[in-house]
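**Student:** fold the stuff below for me.
(one chain, ligands or ions: 1)
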Amino acid sequence: MTVITRFAPSPTGTLHVGNLRTALHNWLFAKAHGGRFLLRIDDTDTARSEERFVAAIRADLAWMGLNPDSETRQSARFDRYEARFAELIAAGRVYPAYETAQELELKRKVLLGRGLPPIYDRAALALGDADRARLEAGGVQPHWRFRLDASGIEWDDLVRGAQRFDPATMSDPVVRRADGSWLYLLPSVIDDIDMGVSHVVRGEDHVSNTASQLQMFAALGAEPPRFAHEALLTGNEGKLSKRLGSLGVEHFRDAGIESQALAALLGRLGTSDPVEPFTDSAPLIAGFDFARFGRAPARFDEAELAALNAKIVHQLEFGAVRARLPEGMTAAAWEVIRPNLSTIAEAGDWWSVIEGPVTAAIAEEDRAFLDEAAKAAAGIDWSAEPWAQLTGALKEATGRKGRTLFLPLRLALTGRDHGPDMAALLPLIGKDRALERLARAA
Ligand code: GLU
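**Tutor:** Okay, here's the model as predicted:
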């Protein structure tokens, strides 16, 4: 069997972290099985779908490195839905219903008031041709429901295990509105059949949709795909959080998060495997298995992402980041600065420390010492470990050691009290700038 997965966002907004995770898992599963990953734009809701969101979805997936093997959109397939819909009407699996929203709401309230589940009573099925003709002559356009049959619904979910639904506890789902527009359920099934989707990977908020959709696959004469319904992400506070819904690629990029960090976290979050700072997707692909996913909600923690990001930045090669570094910054400088970074953008700060000018707040009692340092720096051989020579000479001349020896030098040379290893940094600052900075601090 060829594995075919699909990511099916509605272009009514930008992708949030939960969507990105779903996309990633679809991609990882396809890659792990030598399969194909499709992007399906679910734009049946023409009023709320926007082209700018389609473009943003593509761009976000590209940023994540999740390139689809092909792309389709539902708005290009209305003829196909119409044809299959006609088959379902002919087979008696789809029927017109005429209740208004208010009438349906009233029916719900009555049932709930009697302590009964608010299941649609199928009153529309009892209408005869004459009733329908009368309603339609009176200007009522029907919406359309899929008639569930009584057979039990079961599937073996790749994450949740054995699932069972009793259709008697479910309302016949509305599949098409009175204005002719499609709800998501049926077009999705038609697409999954036509595109040979083998695995539907999505959030557990779709579990009850799957119950209806399984009957739609059967009614359309198709074998259903396998399903994997993943536990949703929660925020730091352990609840489904509004904030997560607003965190998308733009936010992460602005915060200096690398796509690898997001993939490394989202690839493993909610599984029994440890989150590791992978700079490449290969180990994520190799270990990807729905059996390793838990059923409890997974907690998405931005602090964990930031820490993971730093570990990834520390591994990135100059060639991979060059275009995002300040003009003129060298590979040698990158190597020295890299261990101090949380984000690549911070490289600019350290590059300006190397390039100067720097300003340092020097304590009075260090001035004489730094005067000594300026003289010593003029006398050492700058081609061979200048920091060891400079500190060695000053230790001997002044008796200072440890912090009192190193800190004033670091301050004078970089303007900061912390930073990259001075032995590596000093050659990059170089003799001329070092002499000038020491003299100015003295
Ligand atoms: N457009 C649906 C959504 O965004 C797709 C769900 C699915 O994967 O089937 O929820």
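
**Student:** number of residues surrounding residue 321?
**Tutor:** Residue 321 has 17 neighbours, counted by other Cβ atoms under 10 Å. Just so you know, the C-beta spots here come from the backbone N, C-alpha and C atoms, and that holds for glycine as well.

**Student:** kindly report the same for residue 332.
**Tutor:** Counted with other Cβ under 10 Å, the neighbours of residue 332 add up to 12.

**Student:** what pLDDT does it get?
**Tutor:** We have a pLDDT of 95 for residue 332.

**Student:** would you check how far apart it and residue 436 are?
**Tutor:** Distance, residue 332 to residue 436, by Cβ to Cβ, to the nearest Å: 21 Å.

**Student:** and residue 63, by the same measure?
**Tutor:** 43 Å.

**Student:** which residues does the closest residue to residue 338 other than its chain neighbours contact?
**Tutor:** Nearest residue to residue 338, sequence neighbours excluded (Cβ to Cβ, 6 or more residues apart in numbering): residue 314, at 5.7 Å. Shown in contact with residue 314 (Cβ atoms under 8 Å, 6 or more residues apart in numbering): 338-339, 341.

**Student:** try residue 382
**Tutor:** When contacts are taken as Cβ under 8 Å, 6+ apart, residue 382 is in contact with 427, 430-431.

**Student:** so residue 37 touches residue 68, yeah?
**Tutor:** Yes. If you go by Cβ atoms under 8 Å, residue 37 and residue 68 touch, sitting 5.6 Å apart.

**Student:** buried sites along stretch 410-429?
**Tutor:** By 16 or more other Cβ atoms under 10 Å, the buried positions in stretch 410-429 come out as 410-415, 419-420, 422, 425-429.

**Student:** off-centre distance for that stretch?
**Tutor:** Remark: stretch 410-429 is offset 37 Å from the chain centroid, using Cα atoms, centre = their mean, to the nearest Å.

**Student:** now swap in stretch 249-261 and tell me
**Tutor:** Per Cα atoms, centre = their mean, the centroid offset for stretch 249-261 relative to its chain is 10 Å.

**Student:** first to last residue in it, what's the distance?
**Tutor:** Terminal residues of stretch 249-261 lie 12 Å apart, using Cα to Cα, to the nearest Å.

**Student:** which residues touch the host helix or strand of residue 424?
**Tutor:** Assigning secondary structure by DSSP states H and E places residue 424 in helix 422-441. When contacts are defined by Cβ under 8 Å, 6+ apart, helix 422-441 is touched by residues 330, 332-333, 335-336, 353-354, 356, 358, 360, 362, 366-367, 370, 373-374, 377-378, 382, 385-388, 390, 406, 408-414, 419.

**Student:** quick one: average confidence on it?
**Tutor:** 96.

**Student:** so how far is that helix from its chain's centroid?
**Tutor:** Its chain's C-alpha centre and that of helix 422-441 lie 43 Å apart, by Cα atoms, centre = their mean.

**Student:** could the contacts of residue 314 go into a markdown table alongside distance to the ligand and neighbour count?
**Tutor:** As requested, those are arranged in a markdown table below (distance: Cβ to the nearest ligand atom, whole Å; neighbours: other Cβ atoms under 10 Å):
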| residue | distance to the ligand | neighbour count |
| --- | --- | --- |
| 338 | 39 | 19 |
| 339 | 41 | 12 |
| 341 | 36 | 21 |
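
**Student:** what segments of the stretch 151-300 of the chain are strands?
**Tutor:** Listed in chain order, the strands of the stretch 151-300 of the chain (DSSP state E, counting those that start in this stretch) span 153-157, 161-165, 174-176, 199-203, 226-230, 233-234, 298-299.

**Student:** list the contacts of the third one.
**Tutor:** Pointing back at strand 174-176 there. 85, 94, 97, 143-146, 182-183, 185-186.

**Student:** who does the least confident helix or strand in the chain by mean pLDDT touch, helix- and strand-wise?
**Tutor:** Least confident helix or strand of the chain, by mean pLDDT, DSSP states H and E, is helix 242-246 with a mean of 80. Contacts defined by 3 or more Cβ pairs under 8 Å, 6 or more residues apart in numbering; DSSP states H and E place helix 242-246 against helix 17-32.

**Student:** apart from its chain neighbours, what residue comes closest to residue 166?
**Tutor:** residue 152 (6.4 Å).

**Student:** does that neighbour touch residue 168 like I think?
**Tutor:** No. The pair residue 152 / residue 168 is not scored as a contact, 9.5 Å apart, by Cβ under 8 Å.

**Student:** residue farthest from the centroid of this structure?
**Tutor:** Largest separation from the mean C-alpha position in the chain: residue 397, at 57.5 Å (Cα atoms, centre = their mean).

**Student:** hmm, it is touching residue 372, no?
**Tutor:** Yes. In this structure, residue 397 is within contact of residue 372 by Cβ under 8 Å, at 6.0 Å.

**Student:** mind listing what the closest residue to the ligand within the stretch 51-200 of the chain touches?
**Tutor:** In the stretch 51-200 of the chain, the residue that lies nearest the ligand is residue 188 (5.0 Å; Cβ to the nearest ligand atom). Counting by Cβ under 8 Å, 6+ apart, residue 188 touches 8, 42, 213.
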